[in-house]
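Engineer: Please find the sequence and the predicted model below.
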Amino acid sequence: MLKIYCFIHNSATLANQLFTIMTDTTAAKATRNMIFLVLVASLGYFVDIYDLLVFSIVRKASLLDIGVSAADVLPKGQFIINVQMFGLLLGGILWGVIGDKLGRIKVLFGSILLYSIANFANAYVRDVNTYALVRFIAGIGLAGELGAGITLVAETLSKEKRGYGTMIVAVIGLFGAAAAVMVAKHGWQDAYKVGGCLGIALLLLRIGTFESGMFKNIEQTNISKGNFFMLFTNWDRLKKYLYCILIGAPLWYVVGVLVTLSPEFGKALGATEPLSAGDGVLYTYIGIAVGDIFAGLLAQVTKSRKLTMVVFLLLSVVSVVYYLGSKGLNSHQFVWICFFMGCSVGYWATFVTIAAEQFGTNIRSTVTTTVPNFVRGSLIPINIAFNAFVVHYGMVTSGYIMMGILTVIALFSLSQLKETFGKDLNYVEIS
């Protein structure tokens with residue numbers, strides 16, 4: 001009897017040890033999968049930002065090289081940017097719907113393939129219209145990367161830790177701007193070719209990534225998925241969606257107008273030497289990467305994404321006022337001001353995470369993909385409004401006016417959204 005008891009006891013002990021090993025192995029594998037997913041999403045955003053900003057960096061050199069006169073560089077450049085942004089708007093809807101209907105992983109593969117092909121083609125354009133067409137296609141491709149990546153990370157990591165995951169995606173991704181500047185020094189055509197190669201390399205790396213568990217739970221159900229028009233059938237849902245877009249507008253104004261048009265702002269401010277938009281973009285995005293770290297940490301410490309947004313929105317006003325008041329600045333001062341502005345608008349990851357957390361699984365990809373792209377696309381009306389102000393008030397005063405308007409709108413919109421830190425995302429929206 002004692003022998004039987006010892007045998008049972010030893011067997012139970014062995015089984016417990018085996019179960020512990022198996023559990024530890026499963027947990028370790030799950031952790032590795034999550035780390036790999038965050039890494040893949042981060043590198044995807046890296047290539048996304050590289051491709052998105054490469055035109056801003058090589059704008060002047062590339063346009064002059066294909067025969068555009070110096071006097072037409074600004075209007076032709078704005079035309080191409082606006083066309084690309086329109087592509088982002090359409091692509092945001094396309095990839096968002098695909099992400100909710102067919103899965104987040106399919107978006108990651110499709111979007112990166114499309115914008116990689118477009119980048120290769122961009123190296124061989126010889127006229128403005130072809131340039132704009134290719135950037136339009138690239139814009140459609142670019143639109144899917146960030147939203148799908150953030151959605152996957154938000155749905156896979158625990159609700160307490162997902163802020164860290166999305167922060168890492170944004171921080172690593174934003175260094176794509178630094179890579180674009182360094183590569184562009186070897187020529188604008190090479191910059192586009194390298195962007196295409198990076199995309200293809202990432203496409204191969206993505207083999208083996210896994211789908212979101214939350215999406216799998218509803219994939220085979222009859223729940224309405226990826227219905228973009230669902231956002232417009234409920235007034236409260238529509239307001240929430242619009243507020244998510246509006247809180248991010250000041251950030252893209254800083255990058256898309258104040259920094260991208262820095263050569264023109266430099267002349268208006270009486271700069272002692274020509275200001276480089278490429279250097280400005282580089283330091284701004286390094287600043288945004290640094291700001292994203294502090295914004296993510298502040299949100300985790302305070303357990304409030306809304307408070308974090310308020311702090312950074314107000315800080316961004318201070319940085320822009322300092323920039324527009326810097327009469328007679330030189331290139332050295334300019335790049336450090338851009339770094340400061342970048343840090344102050346380093347809430348990109350926080351803002352996109354807020355959007356992801358506001359909506360249910362069946363339209364989360366649609367929202368998380370369209371919101372940042374609609375913010376980017378907001379550069380079209382922002383440019384139109386800014387140019388209208390410039391006619392009457394000049395570059396510098398118009399810069400103040402636009403920043404003031406966008407910040408007031410963003411703060412009001414933020415006040416209308418609910419705090420979502422630690423929110424359980426495993427739910428759906430009802431039609």
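Structural biologist: Looks like it arrived, so ask away. These figures come from a predicted structure and were not determined experimentally.
Engineer: Would you quantify the distance from the residue most central in space within the chain to residue 349?
Structural biologist: Nearest to the mean C-alpha position of the chain, counting by C-alpha atoms, centre = their mean, stands residue 146 at 5.2 Å. Separation of residue 146 from residue 349 (C-beta to C-beta, to the nearest Å): 10 Å. For glycine as for every other residue, the C-beta is placed from the backbone atoms N, C-alpha and C.
Engineer: swap in residue 70?
Structural biologist: 38 Å.
Engineer: For the two, indicate the residue with more neighbours.
Structural biologist: residue 349 (32 against 9; other C-beta atoms under 10 Å).
Engineer: which ones are touching the more buried one?
Structural biologist: By C-beta atoms under 8 Å, 6 or more residues apart in numbering, the contact list for residue 349 reads 150, 166, 167, 169, 170, 171, 292, 295, 296.
Engineer: Show me which pair in those residues is furthest apart.
Structural biologist: Using C-beta to C-beta, the contacts of residue 349 span at most 14.4 Å, a distance reached by 150 and 295.
Engineer: Please give me every residue in contact with the residue nearest to the centre of the chain.
Structural biologist: For residue 146, counting by C-beta under 8 Å, 6+ apart, the contacting residues are 45, 48, 169, 173, 352, 369, 372.
Engineer: ok, it to residue 95 distance?
Structural biologist: Distance of residue 146 to residue 95, computed by C-beta to C-beta: 10 Å.
Engineer: And for residue 387?
Structural biologist: Taken as C-beta to C-beta, the span from residue 387 to residue 95 is 30 Å.
Engineer: Neighbour count: these two, which is higher?
Structural biologist: The residue with more neighbours, out of residue 387 and residue 95, is residue 95; 31 against 13, by other C-beta under 10 Å.
Engineer: mind checking pLDDT for the more buried one?
Structural biologist: On pLDDT, residue 95 comes in at 90.
Engineer: Could you report the separation of it from residue 143?
Structural biologist: Applying C-beta to C-beta to residue 95 and residue 143 gives a distance of 5 Å.
Engineer: Got the phi and psi for residue 227?
Structural biologist: phi -90, psi 90 (degrees, to the nearest 10).
Engineer: ok, it - contacts?
Structural biologist: Here residue 227 is in contact with 97, 100, 362, 363, 366, 431 (criterion: C-beta under 8 Å, 6+ apart).
Engineer: For the host helix or strand of the first one, name the packing helices and strands.
Structural biologist: In this assignment (DSSP states H and E), residue 97 forms part of helix 73-101. Helix 73-101 sits against helix 2-65, helix 104-122, helix 128-142, helix 145-156, helix 361-377, helix 379-415, with contacts defined as 3 or more C-beta pairs under 8 Å, 6 or more residues apart in numbering; DSSP states H and E.
Engineer: Out of those helices, which is closest to residue 77?
Structural biologist: Using C-beta to C-beta, the helices and strands packed on helix 73-101 put helix 2-65 closest to residue 77, at 4.6 Å.
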